[in-house]
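A.B. asks: Sequence first, then the predicted structure:
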Amino acid sequence: MFPGVPRDVQERVLPGPEGERRFLLYTPATLDPDRPAPLVLEFHGSGATPAEQMRYSALHRIADREGFILAAPRAAIPMRMFDSTPEGAAWNVPGVPLILDSGDDTPGPDDVAFVRRVVDAVAAERNVDRRRVYAAGFSGGGRFCSYLAYAAPDLLAAVGTVAGLRLPSALRHVRPAPLIAFHGTADPLNPYWGGAGDRWDLSVPETADLVARTMGAHPTGAPEAVSDAVSRLVYATPGGEVGLVQYTVRGGGHAWPGTPYPIHTAVLGPVTREMDAGALIWEFFTDHRAAG
């Protein structure tokens, strides 16, 4: 484990059609086992690991304070982005190539099915409120969360994506789970203004507009200044249902805003301290429940 990750995080192993898959599970000691609790799934970026993501987002600290279960699944496509994380992996997002092309044309794992198995496994041993299951991810994990919002809106009540908002073109006929998104204008990996080929084509504003349209949502006004460098744009339906909240960090890099453990800032750009993405994601989640 990394410094900053709770010692009582537990690793779970799940059998599946592609072999064994793993995830980390954290349950705050203060949770009442007789009371159904929300479950938040968090997804690491390409080339990273669940422990690194848990440390990076610090969502476990919010879990302690707010009372939810946290699970961090591990991707299955090996990927080494940085020498500091040689055991890193990447998620399979259908139709989206990886930032590092392995040259392997073998079909990737069914990560959506894996996520469903993770939720079922956690619910089998913890008292999970199935109407309050959420997903949050960074970078490649954020792109995967964007896909999950469309591929599993029956499973997820809401989704948070940091540096990874995309519209799955093959699923644009589906109404997704509500989303909250964050992106820096100086992101060198997933450029805010797009233009990085098939992996990252459209700009974030174009993507946000297209995602909102699939919900029947439109901007409620002009972008609102949250701080000197941060603005927020809210998209809602004519009935007032908020479908998407987009935060833009002027000059922000490829980073999780407010992280207590910034990583690779020399390569990925600066981290804003003007907001805490984890706290805002959880605040957004508390406003949403699944229908079933």
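C.D. replies: Thanks, I have it.
A.B. asks: what's the burial count for Pro223?
C.D. replies: As a burial measure, Pro223 scores 15 neighbours (other C-beta atoms under 10 Å). (C-beta placed from N, C-alpha, C; glycine too.)
A.B. asks: Over to Met79?
C.D. replies: That count, for Met79 with other C-beta under 10 Å as the rule, works out to 20.
A.B. asks: I'd say it and Gly47 touch.
C.D. replies: Yes - Met79 lies in contact with Gly47 (C-beta atoms under 8 Å); the separation is 4.6 Å.
A.B. asks: Could you pull up the contacting residues of the residue nearest to Leu268 when sequence neighbours are not counted?
C.D. replies: Counting by C-beta to C-beta, 6 or more residues apart in numbering, Leu268 lies nearest to His254, which is 4.1 Å off, once chain neighbours are set aside. By C-beta atoms under 8 Å, 6 or more residues apart in numbering, the contact set of His254 is 139, 163, 184, 187-190, 268-269.
A.B. asks: Helices of the protein, start to end?
C.D. replies: For the chain, applying DSSP state H gives helices covering 50-57, 59-66, 111-125, 140-151, 204-214, 265-268, 277-285.
A.B. asks: most neighbours per residue, which of these?
C.D. replies: By mean neighbour count, with neighbours taken as mean count of other C-beta atoms under 10 Å, helix 140-151 ranks first of these at a mean of 28.
A.B. asks: centre of the chain versus it, how much separation?
C.D. replies: 7 Å (C-alpha atoms, centre = their mean, to the nearest Å).
A.B. asks: mind showing which ranges of this structure have poor pLDDT?
C.D. replies: Along the chain, segments meeting pLDDT under 70 span 1-2, 100-106, 292.
A.B. asks: mind checking which of the helices of the chain is nearest Glu241?
C.D. replies: Closest approach to Glu241 among these is made by helix 204-214 (11.5 Å; C-beta to C-beta).
A.B. asks: any idea how far the closest one is from the chain center?
C.D. replies: Worked out by C-alpha atoms, centre = their mean, helix 204-214 lies 17 Å from the chain centre.
A.B. asks: Identify the residues contacting the residue nearest to Gly88 when sequence neighbours are not counted.
C.D. replies: Closest residue to Gly88 apart from its sequence neighbours, by C-beta to C-beta, 6+ apart: Gly47 at 3.7 Å. Gly47 is in contact with 79-82, 85, 88-90, 100, 140, counting by C-beta under 8 Å, 6+ apart.
A.B. asks: Any chance of the backbone angles for Gly47?
C.D. replies: phi 80, psi 0 (degrees, to the nearest 10).
A.B. asks: which residues touch Leu14?
C.D. replies: 20-23, 114, 117-118, 121.
A.B. asks: Out of the contacts of Gly47, the closest to Glu125 would be?
C.D. replies: Ala89 (24.3 Å).
A.B. asks: tell me, how many neighbours does the closest residue to that closest one other than its chain neighbours end up with?
C.D. replies: Once flanking residues are discounted, Ala89 sits nearest to Ala75: 3.9 Å by C-beta to C-beta, 6+ apart. By other C-beta under 10 Å, 28 other residues sit near Ala75.
A.B. asks: residues touching Ala75, list them.
C.D. replies: Contacts of Ala75 (C-beta under 8 Å, 6+ apart): 43-44, 46, 89-92, 111, 140-141.
A.B. asks: Closest to Ala71 out of those?
C.D. replies: Phe43 (10.0 Å).
A.B. asks: Please report how far that closest one lies from Ala152.
C.D. replies: 13 Å (C-beta to C-beta, to the nearest Å).
A.B. asks: Please apply the same query to Cys145.
C.D. replies: Cys145 is 10 Å from Ala152, by C-beta to C-beta.
A.B. asks: hmm, back to that, so for Phe43 and Ala152, which residue has more residues nearby?
C.D. replies: Neighbours around Phe43 and Ala152, counted as other C-beta under 10 Å, are more numerous at Phe43. The numbers are 29 against 20.
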